[in-house]
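Engineer: take a look and give me a structure for this.
(one chain, ligands or ions: 2)
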Amino acid sequence: MGNLSVIGLQWGDEGKGKVVDFLSGGFDAVARFNGGSNAGHTVVLSGRKYTFHLVPSGVLKGKELLIGAGVVLDPEVLAEELRLLPSSARRRMMVDGRCTLVSPLEKKFDAVLEGMRGSSAIGTTMRGIGPAYAMRALRLSPRVSDLIDGFEFRNLERFYKKVGVSSEALKGWAASTVRLLKGLTGDVASRVETICNGGGSVLFEGSQGTLLDLLHGSYPYVTSSHTIASYVSSALGIPPSLAGDPLGVAKCYTTRVGGGPFPTELKGGVGDLVRKVGNEFGSTTGRPRRVGWLDLVALRYAVKLNGVKKVAITKLDVLSKVKELKVCTAYKDDGTETTSFQKSLPHLGDVRPVYESLGPLYGAEFRGPLPRKAKDFIGFLERELNVQVVLASHGDERSSTTQLGS
Ligand code: IMP
Ligand code: MG
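Structural biologist: Residues are numbered from 1 along each chain as shown. Ligands and ions are numbered 1, 2, ... in the order given. Below you'll find the model as predicted:
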């Protein structure tokens, strides 16, 4: 089997964790390449819910676990996640020495910056992600390997003091980080190449979604890393040919956490119902997610940007509880109808969605083979997006998944 990159096509929370868990059986390793502990990847197995922020979602299938250079790593979160997992998880894990660290400084900074933004706050996860990538770009903060080699914090002390992190706290943090990471650190890029040269394969697990990409998403209401398929290779330090084909993951409606424009947002009514049935609350922050109809204008953009030909559709069971089903097929932008997300992106908050009502999924039962109503809906999406839907997810459990292609 070749490598595969699992990429979110919306504003994150598409169900990538479940898809990665489901597919990882066919791979030797699962590698994270972007983001950090802002991610919340949920896997439900035999009624037990696991949420992973840094540990790759292949962990429950006993796979090798790789954290690539593009990730910003909060050692406190990683330590907590490993503490809750069997010790074998640690033995299967490798963290790239080039990962930028998230220290208490970046987390405090996140809160300070959000406070400064006032009513135009991004609504970050407060995990220090933006400040960590900024510190990397400024070439100020230590990478994992720098800390292990004895990083000199003296130049940074003024920064730390400014946001109220004491030198003692910092030293304590650095010492426990070295203890945690010393045995875990390696060269993930070389490890991926070794696996592939030996005939094995790697699944790359994306975090967040295309519309949160720093450059190509709904800037400034985005995350601070890249979330799209073309980032897989540069983030990991592997040739593009090793990133494999992208598999796009899309929820059959849309959600968004935090601020920013959201053309198909539903306030009250159906939105509340979907939030409740779909349990749409942030798995990292617990915040209620904003909910809206599926936005095909945005989704076509994401499909194109990622070069996606195959898609996994998730949460079909949730729409089976909704009587009336709509999807957005175009925007009304300054009086004219458009299907170009790119043109509307700079003023996305001003467009009005144009909806098509579909035959409802209402009452569809997902106990046996996929019901006719779901197949029709999937067929509609395949035609509209010019993709093949290879996986349909219709419940939290790993078993509530139907493979339609490979
Ligand atoms: P940050 O990544 O914490 O800086 O947050 C920036 C924006 O991305 C905020 O709107 C967050 O809610 C959103 N975000 C970050 N990570 C995720 C995620 O894993 N799922 C959904 N939204 C996310
Ligand atoms: Mg999530």
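Engineer: only C-alpha atoms from now on, for both contacts and neighbour counts.
Structural biologist: Noted.
Engineer: Ser344 against Asp333, yeah?
Structural biologist: Yes - with contact defined as CA atoms under 8 Å, Ser344 reaches Asp333; the gap is 7.0 Å.
Engineer: need the residues touching each of those two.
Structural biologist: Taking CA atoms under 8 Å, 6 or more residues apart in numbering as the criterion, Ser344 and Asp333 both touch Val351.
Engineer: please, which helix or strand holds whatever residue of the stretch 151-300 of the chain ends up closest to ligand 2?
Structural biologist: Nearest residue of the stretch 151-300 of the chain to ligand 2: Ser283, at 5.7 Å (CA to the ion). Of the helices and strands defined by DSSP states H and E, none includes Ser283.
Engineer: ok, now which ones touch the residue lying closest to it once chain neighbours are set aside?
Structural biologist: Distance criterion CA to CA, 6 or more residues apart in numbering; nearest residue to Ser283, sequence neighbours excluded, is Gly40 at 5.2 Å. The neighbours of Gly40, taking CA under 8 Å, 6+ apart as the test, are Asp13, Thr51, Phe52, His53, Gly282, Ser283, Thr284.
Engineer: give me the pLDDT for Gly40.
Structural biologist: pLDDT, Gly40: 94.
Engineer: for ligand 1, see how far away it is.
Structural biologist: 5 Å (CA to the nearest ligand atom, to the nearest Å).
Engineer: next, that residue: phi, psi?
Structural biologist: Dihedral pair for Gly40: phi -140, psi 100, per degrees, to the nearest 10.
Engineer: so how far is the least confident helix or strand in the chain by mean pLDDT from its chain's centroid?
Structural biologist: Within the chain, confidence by mean pLDDT, DSSP states H and E is lowest for helix 157-162 among all helices and strands, at a mean of 80. Its chain's C-alpha centre and that of helix 157-162 lie 32 Å apart, by CA atoms, centre = their mean, to the nearest Å.
Engineer: which helices and strands does that helix pack with?
Structural biologist: Here helix 157-162 touches helix 167-181, going by 3 or more CA pairs under 8 Å, 6 or more residues apart in numbering; DSSP states H and E.
Engineer: okay, now the sheet partners of the helix or strand that the helix it packs on is followed by, with direction.
Structural biologist: Using DSSP H and E, the helix or strand that follows helix 167-181 towards the C-terminus is strand 185-186. Using DSSP bridges, strand 185-186 pairs in its sheet with strand 93-96 (parallel).
Engineer: centre of the chain versus the strand it pairs with, how much separation?
Structural biologist: 19 Å.
Engineer: any idea of the mean pLDDT for it?
Structural biologist: 98.
Engineer: run through who's touching that strand.
Structural biologist: So strand 93-96 is contacted by 64-69, 144, 181, 184-189 (CA under 8 Å, 6+ apart).
Engineer: stretch 330-337 now?
Structural biologist: For stretch 330-337, contacts defined as CA under 8 Å, 6+ apart pick out Leu296, Val297, Thr338, Thr339, Ser344, Asp350, Val351, Arg352, Pro353, Val354, Tyr355.
Engineer: what separation do you get for Asp333 and Asn3?
Structural biologist: For Asp333, the distance to Asn3 (CA to CA, to the nearest Å) stands at 40 Å.
Engineer: out of these two, which sits in the more crowded spot?
Structural biologist: Using other CA atoms under 10 Å, the more surrounded residue of Asp333 and Asn3 is Asn3, with 21 against 18.
Engineer: how about that one, what does it touch?
Structural biologist: Here Asn3 is in contact with Phe27, Ser201, Val202, Leu203, Phe204, Leu242, Ala243, Gly244, Asp245 (CA under 8 Å, 6+ apart).
Engineer: name whatever forms a beta bridge with the last one.
Structural biologist: Each beta-bridge partner of Asp245 is listed here, defined by DSSP bridges: Leu4.
Engineer: that one: how many residues sit nearby?
Structural biologist: By other CA under 10 Å, 18 other residues sit near Asp245.
Engineer: then the third one?
Structural biologist: Here the count is done by other CA under 10 Å, and Val202 has 28 residues near it.
Engineer: from Glu114, how far out is Pro220?
Structural biologist: Separation of Pro220 from Glu114 (CA to CA) stands at 13 Å.
Engineer: got any residues that touch both of these two?
Structural biologist: Ile122.
Engineer: on that earlier part again, do you know how far the residue nearest to Ser283 is from Lys332?
Structural biologist: 34 Å.
Engineer: what does the stretch 1-150 of the chain have sitting close to ligand 2?
Structural biologist: Proximity of the stretch 1-150 of the chain to ligand 2 (CA under 5 Å from the ion) is limited to residues Asp13, Gly40.
Engineer: need the strands for the stretch 1-150 of the chain, in chain order.
Structural biologist: Taking DSSP state E, counting those that start in this stretch to define them, one finds strands in the stretch 1-150 of the chain at 4-8, 29-32, 41-45, 48-52, 64-67, 72-73, 93-96, 100-101.
Engineer: okay, those in TSV with mean neighbour count next?
Structural biologist: Output for the strands of the stretch 1-150 of the chain, formatted as TSV (neighbours: other CA atoms under 10 Å):
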stretch	mean neighbour count
strand 4-8	28
strand 29-32	28
strand 41-45	22
strand 48-52	15
strand 64-67	27
strand 72-73	28
strand 93-96	24
strand 100-101	26
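Engineer: so which residues on the stretch 251-400 of the chain come close to ligand 1?
Structural biologist: When proximity is defined as CA under 6 Å from any ligand atom, the stretch 251-400 of the chain approaches ligand 1 at Val257, Gly258, Gly259.
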